[in-house]
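Trainee: What shape does this take:
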Amino acid sequence: MITVLSRDPLTRPHAFRNDAVLAACVAVLGVALALLTDDGRRPDALGWMLLLAAHVPLAWRRRRPLPVLLAVLAAVVPYHALDNHHGAPVAATLVVLYTVAATGTPRRTLLIGTVVIGTTLTVNALTNPDGFTELVRITGWVVAVLFLGLDVRYYRQYVAAIVERAERAERTREEEARRRVAEERLRMARDLHDLLAHSITLIGVQTSVAAHVLAADPDRLDRAAVAKALDDIAGTCRTARGELRATLEVLRDGGPEDARGPLAGLDGLPDLVGAARLAGARVEHRVRVAEPVPPAVGAAAYRVVQEALTNVVRHAGPEPLVRVDVSDRDGVLHIGVTDDGTGPDPAGTPGFGLVGMRERARSVGGTLEAGPREGGGFRVTAVLPLTGATREGRAR
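Mentor: Next up, the predicted model:
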């Protein structure tokens, strides 16, 4: 019963068929009342025609409640004015009044109730002046049916609001899940790009060194230099393999949340500087940080410096001079990486390095600027706040 009342009457399946069946049943009830009770007021031929005509519009009561009400009243008022059986059309009148109250606004329902009660009083006064009890009974039924319709209407609105909130919450959960998936994919793409670009660049430079040593003077082969270059390649491969395994571990189903292990931070900068030096860059670095650095900020700083040094090794030319400066002032971590190299080829295909560095900085609420220096070289500067949690920091 609650389910039936809570459903929108306009969207129910087979609404017209059900209303047609209801009209037929109410008509049968009206005919039975007219035949079985109050023989003195049994309808004549015109009365029977008006009685049946009052039930026909009920088949369209949900689609056109007001026109149906007017059609029913148009048949019921002359029926009662002719002093026919007054109880026979009551069911049809109550059904249409309930429909109007359940589908209309309270103001319209109040207006219609006033009109119906006024019309009923007028007709009753003309046909049965002494029937005060009958008058009170009719008025009570009309008011009760109207209030029932209003109550059902408010209940349907309440249920619809609950359903709408539930659907909105479900959509919000789905959108949040999609957003988190997109953010995780972007983070994984950044991690893989930083790791692979840095490692592959170093391996390429170290391989070139070994090839140069082998081809420079084959008769006087410097085995120690070749061995050192190959050892550097092996070390870079081991480091890359470990970081790649830790990065991809989070993609396994059911893996622990901390499968990636501790995040690389400012303590990993000396390794980056050492790797860049092995690749031929002359690196000067200085770290002056007194305040504690949150893990997410430290990881972002590490990746920014790593990508900047990778770009220097790749684009700056032979033996560039690189200065790496990391310091904290007024609750903000300042990062600067400058070189005196030739810089990237303007005609070359742009990669994702600068985009990734900017995304790293934004992920912790910071900013990053990168571009050529006056007089040659390239500069990367980043400003990362040391206070306030970030979404990525919480996720990690």
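Trainee: phi, psi of the closest residue to residue 293 other than its chain neighbours?
Mentor: Distances taken as CB to CB, 6 or more residues apart in numbering place residue 266 nearest to residue 293, at 5.9 Å, with adjacent residues excluded. No exception for glycine: its C-beta is placed from N, CA and C like everyone else's. Main-chain dihedrals, residue 266, degrees, to the nearest 10: phi -60, psi -20.
Trainee: One more: residue 286?
Mentor: Main-chain dihedrals, residue 286, degrees, to the nearest 10: phi -150, psi 130.
Trainee: Please apply the same query to residue 375.
Mentor: According to degrees, to the nearest 10, residue 375 has phi 90, psi 0.
Trainee: ok, now how distant is residue 384 from residue 360?
Mentor: Remark: distance between residue 384 and residue 360 (CB to CB, to the nearest Å) = 9 Å.
Trainee: shared neighbours of these two, which are they?
Mentor: Among the neighbours of residue 384, those also in contact with residue 360 (CB atoms under 8 Å, 6 or more residues apart in numbering) are residue 300.
Trainee: Tell me the secondary structure of residue 245, please.
Mentor: Assigned by DSSP: H, G, I helix; E, B strand; the rest coil, the conformation of residue 245 is helix.
Trainee: Look up how far residue 272 lies from it.
Mentor: Residue 245 is 19 Å from residue 272, by CB to CB.
Trainee: of those two, who's got more company?
Mentor: residue 272 (22 against 12; other CB atoms under 10 Å).
Trainee: got the contact list for the more buried one?
Mentor: 302, 305, 306, 309.
Trainee: count of neighbours near the nearest residue to the first one once chain neighbours are set aside?
Mentor: The shortest distance from residue 302 to any residue other than its chain neighbours is 4.6 Å, reached at residue 264 (CB to CB, 6+ apart). Here the neighbour count serves as a burial measure; for residue 264 (other CB under 10 Å) it reads 21.
Trainee: Residue 223 now?
Mentor: 8.
Trainee: With residue 82 instead?
Mentor: Residue 82, neighbours per other CB under 10 Å, totals 14.
Trainee: just residue 101 next, same as before
Mentor: Look at residue 101: counted by other CB under 10 Å, it has 25 neighbours.
Trainee: From residue 185, how far out is the one residue sitting closest to the centre of the chain?
Mentor: When CA atoms, centre = their mean is applied to the chain, the residue found nearest the centroid is residue 175 (2.8 Å). Using CB to CB, residue 175 is found at 16 Å from residue 185.
Trainee: Tell me where this protein has strands.
Mentor: Secondary structure of the chain (DSSP state E): strands at 282-288, 321-329, 332-339, 367-372, 378-385.
Trainee: Please identify which of the ones you listed is closest to residue 109.
Mentor: Nearest to residue 109, of all these, is strand 378-385, at 59.6 Å by CB to CB.
Trainee: for that closest one, packing partners?
Mentor: For strand 378-385, the packing partners by 3 or more CB pairs under 8 Å, 6 or more residues apart in numbering; DSSP states H and E come out as helix 295-315, strand 332-339, helix 353-363, strand 367-372.
Trainee: Just name the most buried of the ones you listed.
Mentor: helix 295-315 (a mean of 25; mean count of other CB atoms under 10 Å).
Trainee: okay, the angle between it and strand 367-372?
Mentor: Relative orientation of helix 295-315 versus strand 367-372 (axes from the mean of the first three to the mean of the last three CA atoms, to 10 degrees): 10 degrees.
Trainee: Residue 265: how many residues sit nearby?
Mentor: 17.
Trainee: Test for you: state the pLDDT assigned to the closest residue to it other than its chain neighbours.
Mentor: Leaving aside its chain neighbours, residue 265 sits nearest to residue 298 (2.9 Å; criterion: CB to CB, 6+ apart). We have a pLDDT of 87 for residue 298.
Trainee: Looks like residue 298 contacts residue 289 (just checking).
Mentor: No. Residue 298 is beyond contact range of residue 289, at 9.3 Å (criterion: CB atoms under 8 Å).
Trainee: where in the stretch 151-300 of the chain is pLDDT low?
Mentor: Where the stretch 151-300 of the chain drops to pLDDT under 70, the residues are 184, 190, 193-195, 197-198, 206, 209, 212-213, 216-222, 246-263.
Trainee: do that again at 80, thanks
Mentor: Within the stretch 151-300 of the chain, the ranges that satisfy pLDDT under 80 run 180-233, 235-236, 238-264, 278-280, 291.
Trainee: Could I get the full set of helices for it?
Mentor: 223-248, 269-278, 295-315 (DSSP state H, counting those that start in this stretch).
Trainee: right, and those - which one's nearest residue 105?
Mentor: Closest among those, using CB to CB: helix 295-315, at 54.7 Å.
Trainee: could you give the angle of the closest one to strand 378-385?
Mentor: Going by the same axes, to 10 degrees, helix 295-315 makes 180 degrees with strand 378-385.
Trainee: other SSEs contacting helix 295-315?
Mentor: With contacts taken as 3+ CB pairs under 8 Å, 6+ apart, helix 295-315 sits against helix 132-216, helix 269-278, strand 321-329, strand 332-339, helix 353-363, strand 378-385, helix 391-395.
Trainee: How far away from the center of its chain is it?
Mentor: Centroid separation for helix 295-315 versus its chain: 33 Å, with CA atoms, centre = their mean, to the nearest Å.
Trainee: Tell me the spacing between the residue lying closest to residue 319 once chain neighbours are set aside and residue 322.
Mentor: Counting by CB to CB, 6+ apart, residue 319 lies nearest to residue 280, which is 5.4 Å off, once chain neighbours are set aside. Distance of residue 280 to residue 322, computed by CB to CB: 11 Å.
Trainee: quick one, which of those two is more surrounded?
Mentor: Neighbours were counted for residue 280 and for residue 322 using other CB under 10 Å; residue 322 has more, 24 against 16.
Trainee: ok so, going back, for residue 205, find the nearest of the helices of the stretch 151-300 of the chain.
Mentor: Shortest distance between residue 205 and the helices of the stretch 151-300 of the chain, using CB to CB, is found for helix 295-315: 6.0 Å.
Trainee: just the angle between that closest one and strand 321-329, please?
Mentor: With the same axes, to 10 degrees as the basis, helix 295-315 and strand 321-329 are set at 160 degrees to each other.
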